[in-house]
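Visitor: Here's my sequence, what's the structure:
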Amino acid sequence: MKDISGKTAFISGVSSGFGKAIAYKLASNGCNLIICSRRIERINKIAKDIEKKFNVDVFAFKLDVREYESVKKALKALPAKWRKIDILVNNAGLSRGLNKIQDGELRDWEEMIDTNVKGLLYVTKEIIPLMIKNNSGHIVNIGSIAGHEVYPAGNVYCASKHAVDALTKGFRMDLVETPIRVSTVDPGLAETEFSLVRFRGDKEKAKNVYKGIEPLSAEDVAEAVEFVVTRDDNFVIAEMVLLPKSQASAMLTIKK
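Guide: Residues are numbered from 1 along each chain as shown. I've put the predicted structure just below:
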């Protein structure tokens, strides 16, 4: 098991769900954190709580990963002590709507592609040179079972997560001659704010997604990320798919 205490992890989308749980889990291993989100009030509170509980340093700032110039400016402006990034967790992502393709809304498509695909690329583009310069690094992309299977009305969301899967494989090929490791963690049904965001705040619709099912938790996903980043340097977990016991595939879930 690799000791990551004293290392620095950059995590996007930390205001809730997987990102928040991953931040706490890596901090519990002694990792210093760079965390970002569009919701600055939330991550400021998270940063203070993590520093108090785990005695690590946390650098928090507001960032919309969909805006390349903002990403570039923020990464260029990182203080010197924060420019040695050992772990990058590309967690920022979302789903919007659950419509058949003929009923899809353009704003939903654009937001998913801009966040899940372009946002991941923008952040990674700025951090890879730092990792190469530092001669170390581990990129962990948070994908989805939707990156392996397509389900009805999931069209563009599934396409965006298939892109994450392809990009992860491409990163690994392009970086194989460097010390940088590349992994993806792909959860199935997990209860976070995911469905609430998908249905734009409709609590009843979001609640029905998990009715009669025991889904994964954000902490389950965080434990998977912890396992991935604490393997020895020659041990790369290329891909980890996570499912709750009641789910056998994207289309087969058993309800109680």
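Visitor: for the stretch 1-150 of the chain, what spans make up the helices?
Guide: 17-28, 40-54, 68-76, 106-112, 120-134 (DSSP state H, counting those that start in this stretch).
Visitor: Give me the contact list for the first one.
Guide: If you take CB atoms under 8 Å, 6 or more residues apart in numbering as the criterion, helix 17-28 is touched by 4, 9, 11-14, 33, 35, 37, 46, 50, 53-54, 56, 58, 87, 89, 91-92, 142, 187, 190, 192-194, 217-219, 221-223, 225-226, 229. All C-beta atoms are positioned from the backbone trio N, CA, C, and that covers glycine.
Visitor: what angle do it and helix 40-54 make?
Guide: 30 degrees (axes from the mean of the first three to the mean of the last three CA atoms, to 10 degrees).
Visitor: that older thread, and the contacts of helix 17-28, which of them are buried?
Guide: 4, 9, 11-14, 33, 35, 37, 46, 50, 54, 56, 58, 87, 89, 91-92, 142, 187, 190, 192-194, 217-218, 221-222, 225-226, 229 (16 or more other CB atoms under 10 Å).
Visitor: mind giving me CSV with the helices of the stretch 1-150 of the chain and columns for distance to residue 208 and mean pLDDT?
Guide: Shown next, in CSV, are the helices of the stretch 1-150 of the chain (distance: least, CB to CB, whole Å; pLDDT from 0 to 100):
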stretch, distance to residue 208, mean pLDDT
helix 17-28, 19, 97
helix 40-54, 26, 97
helix 68-76, 35, 97
helix 106-112, 19, 96
helix 120-134, 29, 97
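Visitor: Point out the most buried one among the ones you listed.
Guide: Among these, helix 17-28 has the highest mean neighbour count (mean count of other CB atoms under 10 Å), at a mean of 24.
Visitor: ok now it, how far from the chain's centre?
Guide: 11 Å (CA atoms, centre = their mean, to the nearest Å).
Visitor: got the contact list for residue 71?
Guide: Contacts of residue 71 (CB under 8 Å, 6+ apart): 63, 65, 119, 122-123, 126.
Visitor: how far away is the residue lying closest to residue 5 once chain neighbours are set aside from residue 212?
Guide: Nearest residue to residue 5, sequence neighbours excluded (CB to CB, 6 or more residues apart in numbering): residue 30, at 2.8 Å. Separation of residue 30 from residue 212 (CB to CB, to the nearest Å) stands at 40 Å.
Visitor: now do residue 21
Guide: Residue 21 is 24 Å from residue 212, by CB to CB.
Visitor: Next: residue 86.
Guide: Separation of residue 86 from residue 212 (CB to CB) stands at 41 Å.
Visitor: who has more neighbours, the two?
Guide: Between residue 86 and residue 212, residue 86 has the larger neighbour count (other CB atoms under 10 Å), namely 19 against 10.
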